[in-house]
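Enquirer: any chance you can model this:
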Amino acid sequence: MAALNHLIVHVKDKDASAEFLADILGVEAGKQWGPFRPVQTANGVTLDFINTDKVSTTHYAFLVDDQEFDRSFAKIKKAGLRYYARPDKSGAGEINTFYGGRGVYFDDPDGHLLELITKPYGEHPV
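Expert: Modelled structure (predicted):
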């Protein structure tokens, strides 16, 4: 069975972006590896940040437990980041409770839409 190993994330400043994500998630950003600055998630997948002049934004969702959500959400609020309940950026200043969990969307320094969820999504949002 295939397993996701890494994603390459194009950003303007790989160090700033890797440190930003690592801080929000409560992990350490890895040391530079070739042209990349990796951030490893609990399931072993790394987001490998690389500098580029052209950033095409995308979306990354992270499944966290309730305690991790609380810690990360506190960091989002302390940093004064705008956050949203839904991916279309509606519900500003709110979180969602899809599938009996909690979720929040926010932007990284380059405009990638990041999401924290405490329950995986199913077929239809509730």
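
Enquirer: now Asp66: phi and psi?
Expert: Asp66 adopts backbone torsions of phi -60, psi -40, taken as degrees, to the nearest 10.

Enquirer: give me every residue that touches it.
Expert: Arg102, Thr118 (CB atoms under 8 Å, 6 or more residues apart in numbering). C-betas here are computed from N, CA, C, even on glycine.

Enquirer: what does Lys54 give?
Expert: Applying CB under 8 Å, 6+ apart, we find Lys54 in contact with His10.

Enquirer: which SS state does the spatially most central residue of the chain fall under?
Expert: Among the residues of the chain, the one closest to the centroid is Leu114, at 3.9 Å (CA atoms, centre = their mean). Classification of Leu114 by DSSP: H, G, I helix; E, B strand; the rest coil places it in strand.

Enquirer: what's opposite it in the beta bridge?
Expert: Tyr60, Phe106 (DSSP bridges).

Enquirer: what separation do you get for it and Gly34?
Expert: From Leu114 over to Gly34 the distance is 24 Å, taken as CB to CB, to the nearest Å.

Enquirer: show me the shaky parts of this structure.
Expert: Scanning the chain for pLDDT under 70 picks out 124-126.

Enquirer: domains for it, by residue range?
Expert: Taking automatic domain parsing as the domain assignment, the ranges for the chain are 1-51, 58-126.

Enquirer: follow-up on the earlier one: residues in contact with the residue nearest to the centre of the chain?
Expert: Going by CB under 8 Å, 6+ apart, Leu114 touches Leu21, Ile24, His59, Tyr60, Ala61, Phe62, Tyr105, Phe106, Asp107, Asp108.

Enquirer: and what of Arg86?
Expert: The neighbours of Arg86, taking CB under 8 Å, 6+ apart as the test, are Asn96, Tyr105.

Enquirer: ok, now Ile95?
Expert: With contact taken as CB under 8 Å, 6+ apart, Ile95 is in contact with Phe73, Tyr83, Ala85, Arg102, Gly103, Val104.
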